[in-house]
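1. quick one: sequence plus predicted model below, questions after.
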Amino acid sequence: MAIKTMSTSKGTSLYNEGWHEVTIRQATEGVYTNSDGESKYIELLFEDYADNNNLRIYEVRNRETNEEFKLANLFRHAMAGIIGTLNDPTGKKPILQYDDDVKHLVGKRINAFIYKNERGYNEFFNTVAPIEQDGEHYSFTADKVTALKASAEKSFRKSNKSKHLTNDVTPNSTPVTNTTSSEKIPF
């Protein structure tokens, strides 16, 4: 008999399906043009993820008010560029005032959802959630984060992106953390 060694590494959990707490390392904006017109988008790259694992979020407008909310929610959930709060005319809820320069997104942490696409590759879904945190103008409690994640998962299930999933099941929404061992190899 001989004494041998083997790796116990299971790889990283960076690309597992589900929610990941990520740090934005780069944010760029652009405009996509098609036959329906133009749409503004913001493309995000994350620390520890390859450049081809980007997240592109396109603007979406409320049909009744024409107010853009998808990119605004990105800034709100990341607590990026927030200048202050204003009172709305009804007095029911405050209105956030923010600077939408993408430079404010860099270094911010958010929750991003990874799913397996129809080609079998894992990619980010276009709706993010905040992390639990206290800010100068507002906060996100654990309950609020859980509710926003559930809302994003509901949007995912309604999207065409979830059609390839068996039994229409959303991947486990338990937060995924990266695990690495600091133990030295004995040789």
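-> It's in. Residues are numbered from 1 along each chain as shown.
2. does residue 73 belong to a helix or a strand, and which?
-> Element membership for residue 73 (DSSP states H and E) is helix 70-78.
3. who does that helix touch, helix- and strand-wise?
-> strand 37-46, strand 55-58, strand 94-98, strand 109-116 (3 or more CB pairs under 8 Å, 6 or more residues apart in numbering; DSSP states H and E). No exception for glycine: its C-beta is placed from N, CA and C like everyone else's.
4. dump those to a markdown table, plus distance to residue 68.
-> Shown next, in a markdown table, are those (distance: least, CB to CB, whole Å):
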| stretch | distance to residue 68 |
| --- | --- |
| strand 37-46 | 8 |
| strand 55-58 | 10 |
| strand 94-98 | 12 |
| strand 109-116 | 18 |
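5. could you identify which of the ones you listed is most buried?
-> strand 109-116 (a mean of 21; mean count of other CB atoms under 10 Å).
6. CA-only coordinates of that strand, as CSV, when you get a sec.
-> Listed next in CSV are the C-alpha coordinates belonging to strand 109-116 (Å, rounded to 0.1, in the frame of the first residue of the first chain):
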residue,chain,number,x,y,z
ARG,A,109,-22.8,45.4,-3.5
ILE,A,110,-26.0,43.9,-4.7
ASN,A,111,-27.7,40.5,-4.8
ALA,A,112,-27.7,39.0,-8.3
PHE,A,113,-29.6,35.9,-9.5
ILE,A,114,-27.9,33.3,-11.6
TYR,A,115,-29.9,30.8,-13.7
LYS,A,116,-29.0,28.1,-16.3
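7. could you point out the longest strand of the chain?
-> Of all segments of type strand in the chain, defined using DSSP state E, the longest is strand 18-34.
8. re the thing from before, now do the helix holding residue 73, average pLDDT.
-> For helix 70-78, mean pLDDT rounds to 97.
9. about what we covered before: which residues touch the longest strand of the chain?
-> For strand 18-34, the external contacting residues (CB atoms under 8 Å, 6 or more residues apart in numbering) are 14, 38-49, 58, 78, 102-103, 105-114, 129, 131, 149, 171-177.
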